[in-house]
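Visitor: following is a predicted model, sequence given first.
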Amino acid sequence: MRILISADMEGATGVTHASDVIPGTEQWHRFRPIFTGDVNACVAGLFDGGATGVLVNEAHSSQRNLLLEQLDPRARMLTGRHKPLSMMQGIESEVDGVVLLGYHAGAGEDGVLAHTYLENSITGVFLDGVPASEGRLNAALAAEHGVPVLVVTGDDRTCADATEYAPTAERVAVKECVSRYAAICAPPSVTAKQIADASKAAMAIAGRVAKSVAPHRIEVEFDATHLAHAAAVIPTVELVDTRRIGFDAESMTEAMKAFKIVTAIAGGAVVEEYG
Ligand SMILES: [Zn+2]
């Protein structure tokens, strides 16, 4: 039983502010070991539940946030950027389950550091007409590869979101959202046990399921017209409204690759100060 952990940082224990997750800041340095602690708690629980191998894929920003030197020696870590499947690299390697750790609510939703891919600029992402967080998008990708979502951790809004896209997954709310930049947080000593217990229990549903490859449509709404126009330059991407683009793809894998291009082009078109 080999398990993949997709590790994002906004939903880690104690994280509430942008500076907590922006590489190089003092607070980011402070949260690196705490984030690594969440991952280690998950790894321990998964092995207790019967996992034989765990790959941790860094999924936040530069994708160089976790402390390898503090990682549980039974796990391996995929660190660094420019991976075809980005946050979900490793899902294609016939794993038996995936954990979405440190996740957060989607763009335009209530939740600590809520966003979808771009921290600002994107006001909503829609997968087949349904508002989609990174969790929902990545769960659809996991389903396409026949991999069940075992555990989702993040704030309480992240967990509420996960009840819809991964109803059989264990959920751990490590903090209670008060605003986009405030939360009531439990200390790492408490959340570690919760994450470990949930991860152990979730191994009961580990195991590959039938792959469900199907066409998907993604639409993205931006906060400014020029971002939609910039993204609409991409072949297959169409402008569907003044601030909204959409595209169809034959599979979720192809949809996510196209989505990655859309966010890269739009992100590059953002003008500092004016957006
Ligand atoms: Zn994220």
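Guide: Great, that's in hand.
Visitor: and the residue of the stretch 151-275 of the chain found nearest the ion, what element?
Guide: Using C-beta to the ion, the single residue of the stretch 151-275 of the chain nearest to the ion is residue 154, 9.4 Å away. Where you see a C-beta, it was placed from the backbone N, CA and C, and this is true even at glycine. Element membership of residue 154, judged by DSSP states H and E, is strand 149-155.
Visitor: if we can go back for a sec, what is the burial count for the residue nearest to the residue of the stretch 151-275 of the chain closest to the ion when sequence neighbours are not counted?
Guide: Of all residues not flanking residue 154 in the chain, residue 11 sits nearest, at 3.0 Å (C-beta to C-beta, 6 or more residues apart in numbering). As a burial measure, residue 11 scores 33 neighbours (other C-beta atoms under 10 Å).
Visitor: now residue 11: how far from residue 101?
Guide: 7 Å (C-beta to C-beta, to the nearest Å).
Visitor: shared neighbours, the two?
Guide: In terms of C-beta atoms under 8 Å, 6 or more residues apart in numbering, residue 11 and residue 101 are both contacted by the residues residue 153.
Visitor: now do the buried residues in stretch 221-230.
Guide: Neighbour counts using 16 or more other C-beta atoms under 10 Å place 221, 222, 223, 224, 227, 228, 229, 230 of stretch 221-230 among the buried residues.
Visitor: again with stretch 174-184
Guide: Buried, per 16+ other C-beta under 10 Å, within stretch 174-184: 174, 175, 177, 180, 183.
Visitor: I figured the fourth one hits residue 109, correct?
Guide: No. Using C-beta atoms under 8 Å, residue 180 is not in contact with residue 109, being 9.7 Å away.
Visitor: partners of the helix or strand containing residue 124 in the sheet?
Guide: Element membership for residue 124 (DSSP H and E) is strand 122-127. Strand pairing for strand 122-127, using DSSP bridges, gives strand 130-131 (antiparallel), strand 216-222 (antiparallel).
Visitor: which other residues reach the first one?
Guide: Strand 130-131 is contacted by residues 106, 108, 109, 124, 125, 136 when judged by C-beta under 8 Å, 6+ apart.
Visitor: quick check: the gap between the spatially most distant residue from the centre of the chain and residue 76.
Guide: Here the centre of the chain is the reference, and by C-alpha atoms, centre = their mean the most remote residue is residue 242, at 27.8 Å. Separation of residue 242 from residue 76 (C-beta to C-beta): 46 Å.
Visitor: the helices in the chain, which residues?
Guide: 18-21, 26-48, 134-144, 156-165, 188-202, 225-231, 252-269 (DSSP state H).
Visitor: does any part of the second one sit near the ion?
Guide: No. Looking at helix 26-48 against the ion by C-beta under 5 Å from the ion, there are no contacts, and the closest approach is 12.5 Å.
Visitor: want to throw the strands paired with strand 122-127 into JSON lines with distance to residue 29 and mean pLDDT?
Guide: As requested, the strands paired with strand 122-127 are exported to JSON lines (distance: least, C-beta to C-beta, whole Å; pLDDT from 0 to 100):
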{"stretch": "strand 130-131", "distance to residue 29": "34", "mean pLDDT": "97"}
{"stretch": "strand 216-222", "distance to residue 29": "32", "mean pLDDT": "98"}
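Visitor: what's the closest of these to residue 61?
Guide: strand 216-222 (19.4 Å; C-beta to C-beta).
Visitor: report the inter-axis angle for that closest one versus helix 134-144.
Guide: 160 degrees (axes from the mean of the first three to the mean of the last three C-alpha atoms, to 10 degrees).
Visitor: list the contacts of strand 216-222.
Guide: So strand 216-222 is contacted by 108, 121-129, 132, 140, 228, 231, 240-241, 243-249, 251-252, 255, 258-259, 262-263, 266 (C-beta under 8 Å, 6+ apart).
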